[in-house]
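K.L.:
Below: sequence and its predicted model.
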Amino acid sequence: LGRVKFGQIICGRVAQRQEPLVMSDLQACEWTDAALPWRLGLRVYACHPLVSRGRLLGTLAFASRTRTHLELSELEFLRLISDYAAVAIDRARNGRELRQSEERLRLALETAALGAYSRDLRTNEVALNQTCRELLGIAEGAPPASIAYQVLHPEDQQRVLTEVARAFDPAVRAHCAAEFRLLRSDGTLRWVSGRGRVIFDELGAPPRPVKFLGVLQDITERKLAEQELLRAKADLARANAELECRVQERTAKLQEALAELEQMSYSMMHDMRAPLRAVHSFASLLQADPQNRLSAESQEMLAKMKTAVSRMDHLVRDALGYTMVLRQELGLEPLDVGALARGILQTYPDFQPPRAQVRVAPAMPWVLGNQAALTQCLSHLLDNAVKFVQPGQVPQVEVLAGLTRPGWVRIELKDNGLGIAAADQDKVFRLFER
């Protein structure tokens, strides 16, 4: 597609307005900006802006050639995906900026120059190279013997002198190292990393220090970069905390909304059973009343009414059972799949000869599962297997199970039923679908 400017085609308009746009039945749309999706054969198109901390990062589009519209729940899910994508992109960009700051720090260290310093402790003569003179802010000429201490920042003097004293102790002879500030005569401040050692006259007793050698490295840029890095890390931590808080808030709101919807659905389904039972009872009373003078056609209609009510009550009970599964915590225990399946066959006459031929494989594995839930699942699968067959045909069902990979078991049911068309297979796990 190349680059798209603000205001061009659908995603350009979404980026410009920073508002989501959803279009249904695109093939019947004559809008000029929808020409590209139309040529691609798309029928529904949803585009969301990717915005994080008030900054536009891009857009994310979802489209389909087979669907004509999207449900409200799907649109809410797509919006949630877009929000998570914006957060992820923003975090990746912040991480890249942090790595760039670290790269600048590495380059500053590699290109740093060293200043050489030496002091003859017998004559107090000091020798400096040009880089060291520039660091200390000293013009040409013989520097004073105490120049190193004169330019030390007052707040760093005690710490540095304590480190140097360890190098002058013949019993320790430590190589001193410290990072400190130089306050030069022109008022400028430089950070340096200093390292030094003392040369001793070993002929004396005890050995006497005769020379101090040291090097200075300008680390001002590194210190500034470190401060910048600390600020960047603090900003990044603050931004991540804000993003995490926002994600948690949105997740909590979504969970609360789902819980309210689930509670309302459960209450509605539970309340629906009372009028269904009343209708079924009244129909049964009419059929059983010896004084009724209903025609044969009316009697047939009452029978159909009771059948429809029973079917509806069965659907409601299934929905209530499904809701209960979602609401409760399922405890797991070791289960013998073969014994469980054979127990189900003994409980239901519809699964036994002559109504059906159901065979359970002799060698079935054990699994870690919830007995009530697995029993319900297998019962429904067996019920469907023996129910949906050609008229006059005896259902033939086989229950199998085996390891698919270490730690995982696959349970299969094979039958001679009608089967499910490929176009309808996506409806299998939807409620109230046949």
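P.N.:
Yep, that arrived.
K.L.:
Go through the chain and flag its longest helix.
P.N.:
helix 220-288 (DSSP state H).
K.L.:
now that helix, how far from the chain's geometric center?
P.N.:
Centroid displacement of helix 220-288 relative to its chain, using C-alpha atoms, centre = their mean, to the nearest Å, is 15 Å.
K.L.:
packing partners for it?
P.N.:
Using 3 or more C-beta pairs under 8 Å, 6 or more residues apart in numbering; DSSP states H and E, the elements in contact with helix 220-288 are helix 72-110, strand 189-201, helix 296-327. Quick note: C-beta positions are derived from backbone N, CA and C, even for glycine.
K.L.:
tilt between it and strand 189-201?
P.N.:
120 degrees (axes from the mean of the first three to the mean of the last three C-alpha atoms, to 10 degrees).
K.L.:
How about the contacts made by the most centrally placed residue in the chain?
P.N.:
Nearest to the geometric centre of the chain sits Y84, at 7.5 Å (C-alpha atoms, centre = their mean). Counting by C-beta atoms under 8 Å, 6 or more residues apart in numbering, Y84 touches V247.
K.L.:
And for T188?
P.N.:
G137 are the contacts of T188 under C-beta under 8 Å, 6+ apart.
K.L.:
ditto for V397
P.N.:
By C-beta under 8 Å, 6+ apart, the contact list for V397 reads 351, 356-359, 382, 385-386, 413-415.
K.L.:
let's see it at 7 Å
P.N.:
V397 makes contact with 356, 358, 382, 385-386, 413, 415, according to C-beta atoms under 7 Å, 6 or more residues apart in numbering.
K.L.:
show me where pLDDT drops low in the stretch 301-434 of the chain?
P.N.:
318-328, 431-434 (pLDDT under 70).
K.L.:
can you do 90?
P.N.:
301-332, 343-355, 362-364, 370-377, 379-380, 383-384, 387-388, 391-392, 402-407, 417-434 (pLDDT under 90).
K.L.:
cool, the stretch 51-200 of the chain as well?
P.N.:
In the stretch 51-200 of the chain, residues with pLDDT under 90: 51-154, 157-178, 181, 183-190, 192-200.
K.L.:
try 70 this time
P.N.:
98, 101-113, 145.
K.L.:
returning to what we had before: let me have the contacts of V397 in JSON lines, adding secondary structure as columns.
P.N.:
Output for the contacts of V397, formatted as JSON lines (DSSP: H, G, I helix; E, B strand; the rest coil):
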{"residue": "A356", "secondary structure": "coil"}
{"residue": "V358", "secondary structure": "strand"}
{"residue": "L382", "secondary structure": "helix"}
{"residue": "A385", "secondary structure": "helix"}
{"residue": "V386", "secondary structure": "helix"}
{"residue": "L413", "secondary structure": "strand"}
{"residue": "D415", "secondary structure": "strand"}
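K.L.:
and which of those residues is nearest A92?
P.N.:
Lowest distance from A92 to the contacts of V397 (C-beta to C-beta) belongs to L413, with 45.7 Å.
K.L.:
about what we covered before: for the contacts of V397, work out which two are farthest apart.
P.N.:
Spatially, the most separated pair among the contacts of V397 is A356 and L413, at 12.3 Å (C-beta to C-beta).
K.L.:
what about those two, which has more around it?
P.N.:
The residue with more neighbours, out of A356 and L413, is A356; 21 against 17, by other C-beta atoms under 10 Å.
K.L.:
which residues touch the more buried one?
P.N.:
Taking C-beta under 7 Å, 6+ apart, one finds 350, 386, 394-395, 397 in contact with A356.
K.L.:
Now, those that are in strands?
P.N.:
Using DSSP state E, V397 are the members of the contacts of A356 that sit in strands.
K.L.:
could you flag which of the contacts of A356 are buried?
P.N.:
Among the contacts of A356, those scoring as buried are 386, 395, 397 (criterion: 16 or more other C-beta atoms under 10 Å).
K.L.:
could these be laid out in CSV, adding distance to N94?
P.N.:
Compiled in CSV, the buried ones among the contacts of A356 are given as follows (distance: C-beta to C-beta, whole Å):
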residue, distance to N94
V386, 59
P395, 61
V397, 57
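K.L.:
what about the residue nearest to the centre of the chain, distance to L78?
P.N.:
Distance, Y84 to L78, by C-beta to C-beta, to the nearest Å: 11 Å.
K.L.:
cool, and I411?
P.N.:
For I411, the distance to L78 (C-beta to C-beta) stands at 34 Å.
K.L.:
How about Q130?
P.N.:
For Q130, the distance to L78 equals 66 Å [C-beta to C-beta].
K.L.:
of those two, who's got more company?
P.N.:
L78 (19 against 11).
K.L.:
just checking, that one touches A46?
P.N.:
Yes - using C-beta atoms under 7 Å, L78 is in contact with A46, at 5.6 Å.
K.L.:
between the two, what contacts are shared?
P.N.:
Residues within reach of L78 and of A46 at once, by C-beta under 7 Å, 6+ apart, are F62.
K.L.:
Apart from its neighbours in sequence, what residue is nearest F62?
P.N.:
Closest residue to F62 apart from its sequence neighbours, by C-beta to C-beta, 6 or more residues apart in numbering: A46 at 4.7 Å.
K.L.:
For that neighbour, name its beta-bridge partners.
P.N.:
Going by DSSP bridges, A46 is paired in beta bridges with V22, F62.
K.L.:
going forward can the numbers begin at 510, since that is how I track them
P.N.:
Noted, 510 is the first residue going forward, which turns the last one into A555.
K.L.:
residue contacts, it?
P.N.:
A555 neighbours (C-beta under 7 Å, 6+ apart): 531, 570-571, 579, 584, 587.
K.L.:
Can you tell me which of those is nearest V818?
P.N.:
Using C-beta to C-beta, the contacts of A555 come closest to V818 at L579, 34.8 Å.
K.L.:
Wasn't the closest one part of a helix?
P.N.:
No - going by three-state DSSP, the assignment for L579 is coil, not a helix.
K.L.:
what's it sitting at in phi/psi?
P.N.:
Here is the backbone geometry of L579 (degrees, to the nearest 10): phi -120, psi 140.
K.L.:
mind listing what it touches?
P.N.:
Counting by C-beta under 7 Å, 6+ apart, L579 touches 531, 553, 555.
K.L.:
rerun at 6 Å
P.N.:
With contact set as C-beta atoms under 6 Å, 6 or more residues apart in numbering, L579 has these partners: V553.
K.L.:
Please report the distance of it from A537.
P.N.:
As for L579, its distance to A537 is 16 Å (criterion: C-beta to C-beta).
K.L.:
Kindly report the same for A687.
P.N.:
In terms of C-beta to C-beta, A687 sits 77 Å off from A537.
K.L.:
Show me which of those two is the more surrounded one.
P.N.:
Taking neighbours as other C-beta under 10 Å, A687 and A537 compare with A687 leading, 16 against 9.
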